[in-house]
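*Asks:* Got a sequence here, can you model it:
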Amino acid sequence: MLNKLQALVREVAQTEVMPRFLDVAVSRKFDGSLLTEADLASQAAFDAGLHEIIDCPMLGEEMTPQRQVELWQHSDEGLWVVDPIDGTNNFINGLPHFALSAAYVQHGRAQMGVVFNPVSNECFYAARGQGAFMNGRRLPLRSVEKGLHEAIAGVEIKYLRSGKLSSRLNTLAPFGSIRSLGSSTLDWCYLASGRYDVYVHGGQKLWDYAAGALIFEEAGGCLATLEGDEFWSGEHVFKRSVVAGLRPDLFARWLKWIRDNQ
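*Replies:* A predicted model of the protein is given here:
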């Protein structure tokens, strides 16, 4: 099933997304965020193809919030969660950093997931309990012993609710350098690969983390939320904060600093 999911994600990218890269019509959604015909075409292609892998409903980013909630409330028997293009702003502006993401979720936890960057041809994937991989190579790709003061941190300050934490991340940050590249699904995969060392995000959507968090966990990473230690539990399914680190020792120091500075 994981092989079939990879094949489908690659096919959707090739047929619906990449032909529209650098040449796409843009509109705005009800919340003011940008939407392209590539997002809609990609989501429709997923909806047509995923049931052949596992026959269950699909929740996509471009559905109405009411429909998303309805699908989630009846998802215990299984649900596909899809981000047809994560990093739409990058896609629109010609920045080659975006991805397609699909995850199979059961009982509130992702069981299988794929994240694919069609520009770099990097396909990240995992099934629960079976490890994580990128194009056949087991993740992480690299593991370097370093202190927190040397770490590369993925930080999305925009969604942090705490002004104190945002300020201190900018002025007193304990890490070596900061990255914010505009695609949450790829942030997870860069963490899983060892390209990032630690990560914090104030509020990711379900489709941002469903596949990526599983891939990161299966690569051996540690994760929590700003509010608690159990990432997959809690009521905030559609907007969940993230604190993560690839190595347990680095994660422990990072989490303590974050909690102490909220």
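*Asks:* residue ranges of the helices in the stretch 151-262 of the chain, please?
*Replies:* For the stretch 151-262 of the chain, applying DSSP state H, counting those that start in this stretch gives helices covering 163-171, 184-193, 206-218, 248-260.
*Asks:* Pull up the gap between the spatially most central residue of the chain and residue 161, please.
*Replies:* By CA atoms, centre = their mean, the chain has its centre lying nearest to residue 185, at 2.5 Å. Here the criterion is CB to CB, to the nearest Å. By it, residue 185 lies 22 Å from residue 161. In short, each C-beta sits where N, CA and C put it, glycine included.
*Asks:* next one: residue 109
*Replies:* Residue 109 is 25 Å from residue 161, where distance means CB to CB.
*Asks:* Going by how many neighbours each has, rank these two and give me the top one.
*Replies:* It is residue 109, of residue 109 and residue 161, that has more neighbours when counted by other CB atoms under 10 Å, with 15 against 11.
*Asks:* That one pairs with what?
*Replies:* Using DSSP bridges, the bridge partners assigned to residue 109 are residue 106.
*Asks:* so after the worst-scoring helix or strand of the chain on mean pLDDT, what's the next helix or strand?
*Replies:* Ranked by mean pLDDT, DSSP states H and E, the weakest helix or strand in the chain is strand 26-28, scoring a mean of 75. Per DSSP states H and E, the first helix or strand lying C-terminal to strand 26-28 is strand 34-36.
*Asks:* Identify the residues contacting residue 232.
*Replies:* Residue 232 makes contacts with 108-109, 213, as judged by CB atoms under 8 Å, 6 or more residues apart in numbering.
*Asks:* And residue 112, by the same measure?
*Replies:* Applying CB under 8 Å, 6+ apart to residue 112 gives the contacts 1-2, 5, 103-104, 126-128, 214.
*Asks:* Derive a PyMOL selection command for the buried subset of these.
*Replies:* A single PyMOL command selects the buried members of these (16 or more other CB atoms under 10 Å):
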select buried, resi 2+5+103+104+126+127+214
